[in-house]
Structure formats: C-alpha cells, structure tokens
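Enquirer: What would the 3D arrangement of this be:
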Amino acid sequence: MTSAIEELGVELDSENSLNGPNVTTRMAQETTALSPRFYTTDYDELDATDVSPVRKEWDALIDYLKSDKNRNHFKRGEDWDFDPNSITPELRKELIDFMVSSLTAEFSGCVLYAEMKKRGSNPDIKELFRCMARDEARHAGFINDALKDFDIGVDLGFLTKKKQYTFFRPKFIFYATYLSEKIGYARYITIFRLLQQHPEYRFHPIFKWFEEWCTDEFTHGEAFALLMRANTKLLSGVNRLWIRFFQLAVFSTMWVRDHRRRVFHKALGLDPSAYGMKVFQITLQISRQVFPVLLDIESPAFRRGLDSLKRIDDAIARAEEKGGVWSKARVFGLKIRAGMVFLRLFARKPQTNQLPELSRLYPVW
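Expert: Okay, here's the model as predicted:
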C-alpha cells in the first residue's frame, strides 16, 4: 500500500523510523474499540459499483472534487500563532490525543481510498477515490505538521505497515465512511461556529482551518450518499439493520471518546453531552438524504444508554489503572456490560424515513 500513498506526495517516514515508533506513532497504532481503524475491502466488488442511476449528480460532484477548491488552504501562515507553553499540561495531553486520533482517522481514509484508486479499473470509482485520497492526505499531513509545535509527530510510513487492518465489505465501508464523514462535518462546523462567536476559547490555531475542512468532509459524504442511492439494494432488507448498527456504533464511540476529553471540551467552552447531542442532530438531519431508518436520539432511553456506556468506560479506565489479575477480570465483566447496553440500544425501535428525490438534494453541484 505504501506506493499508492507515496504517489499522493505524502511524507511517510520520520527521521527516527529506524529506531522504532515514537510515542505518538504508538498512540496512532493502537487498535481498540474507540480508536480509528485502518480498513481493507473486496476491491473487485467495489470496482463493479455502477453509478449510472445517479449519473447527472455524480458527474457534477466529480467535477467539483476535481476543481480542488481547497488546494491552497491547508498550509500554515501568519494566522498560525501558537505557543505550546500557553496551555496546561492536562489540556496539552488531551489536545494531542485529539490531534493524533484525528490524524489517524484522516490517514485511514487516505490509505483506503488510495488503494481503491490503485486497484480499480472502473473510471468513476478510480476518479472519486483519487480525489478523496488527495484530500485526506492533505488533512493528515496538516495535522502532523501541527504536532511539530510539540516536537512530536506520527511516522505515517510505519503506521501504514504496522497498523492492524480490518476487512469490511464495500457496503459496510459505505455505511461507516458516510457516517464518519458527515459526523466529522457536524463536529468541525459546530466548533468553528462556536469559536466565531467566542474567539476567546480558540486555544489553538488549527480551529481556524475547520470551515474549509468541513467542506471536504461534507463533500466526501455526498459521494458515499450517491453510491448508496445508485445501488438501492444497499438500503433495503437486512441492510436496514446494518445501517442502524453503524449509526449506533459511530454515535456511541464518539460519545464515550469525547467524554474522556473533559479538559479539552471545557477549554473550548463546550459541554461534551450537549455538544454530542447537537452533532447527532445535525448528522441525522443530513442522513435523511440516504438512510431509510434513523436512530431515535431524542428518546430519554437513548441518552440513558449513552450515559451508561460512559460510566462503564470510566470504570474500565479506573480498573486498568490499578492493574493486576482482578482488575483484568473486572475489565472483562465491564466490557460484557457495555455490550449488553449496546444491544439494548440497538433493539430500540428506529424512526423510518422516506427518501427525498435526488433533484432536491444536490443544488450545490
């Protein structure tokens, strides 16, 4: 996969790669229930994807992606005014965790999309993933450059070779990545708009770049929406259960992970719970363009379930900190409890959604 990434002009190897991974690279390399993953798929099945039912919208979207309106955006300039000593050690730790997690997620997309472009022969699919790999490489490189202020960085070459890969069929890639791109848009635009009104909370310059970043995230999501609208079998039958599963998995992961970064969100003037619900609302409102079923996030039982997962995660963190055989047994039991809570949330009745006409969805293109 490395050659496919190098074709994008991504700087892969750090100066210390021969000495093994550094701390931040090991953070990015971790594979846990909450950490961003690297994916591989059935490239032949993906290459057979037909977009002819949405040809008009597809061609307009590809033309927009090819125009590359953000080509000059992700560069540090005079607006980059940051002193690492201006923030507390606790905030520094959570900011780095946020940046490394975001970098890993962006680079995960870059790796997957670059490989899709490299292995495919379908010109529609190749051109889409060429453009999206370009964008994700740009995002990951920009975050890695930002980490240099702390004299750290992620060795992307090492990560490409050593990170554990998870196999997903193309339809699962579509569901998961659509949600990841749209929830990424909702997260970034919410933070950007808040900091427009309250610049005193902007403790790091990277947040100034979030508006154009949102444009990329939103556009990538539109591409996956068209892929699913062009292949409507992906939106019916048993696939409705998979759609519900991925919504719940993405939302619950965000909820638990964001509540781990309490200092980070407080510094931004955000309450993680209120912020999380707003992001979910934005994401589901957008998702009406493609998903026939949506989680009932306004139900009090949904919120109680998410809070249960948060408390279980806190208990797991305390047990892991203690260490020892009994703590390991407790962690195992807590993970089973978390699984049961997840299943109860999944069993809740979803909201049904009638998909709108395509002509009403893509006026921007």
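Enquirer: Check this structure for its longest helix and report it.
Expert: Selection of the longest helix in the chain by residue count, based on DSSP state H, yields helix 89-119.
Enquirer: For the residue most central in space within the chain, give me the backbone phi and psi.
Expert: Against the mean C-alpha coordinate of the chain, by Cα atoms, centre = their mean, the closest residue is Ser180 at 4.1 Å. In terms of degrees, to the nearest 10, the main-chain angles of Ser180 are phi -60, psi -40.
Enquirer: Then Phe167?
Expert: Per degrees, to the nearest 10, the backbone of Phe167 is at phi -80, psi 130.
Enquirer: show me what contacts the closest residue to it other than its chain neighbours?
Expert: Taking Cβ to Cβ, 6 or more residues apart in numbering as the measure, Phe167 lies nearest to Thr40, with 5.5 Å between them; neighbours along the chain are not counted. No exception for glycine: its C-beta is placed from N, CA and C like everyone else's. With contacts defined as Cβ atoms under 8 Å, 6 or more residues apart in numbering, the neighbours of Thr40 are Leu112, Glu115, Tyr165, Thr166, Phe167, Phe168.
Enquirer: name the element the fourth one belongs to?
Expert: For Thr166, the element it lies in under DSSP states H and E is strand 165-167.
Enquirer: For that strand, give me every contacting residue.
Expert: Arg37, Phe38, Tyr39, Thr40, Thr41.
Enquirer: Turn those residues into CSV, including secondary structure and pLDDT.
Expert: What follows is the contacts of strand 165-167, written out as CSV (DSSP: H, G, I helix; E, B strand; the rest coil; pLDDT from 0 to 100):
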residue, secondary structure, pLDDT
Arg37, coil, 71
Phe38, strand, 77
Tyr39, strand, 79
Thr40, strand, 85
Thr41, coil, 88
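Enquirer: Give the buried subset of those as a PyMOL selection command.
Expert: With 16 or more other Cβ atoms under 10 Å as the burial test, the buried ones among the contacts of strand 165-167 are selected in PyMOL as follows:
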select buried, resi 37+38+39+41
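Enquirer: if we can go back for a sec, tell me how far the residue nearest to the centre of the chain lies from Phe172.
Expert: Separation of Ser180 from Phe172 (Cβ to Cβ, to the nearest Å) stands at 12 Å.
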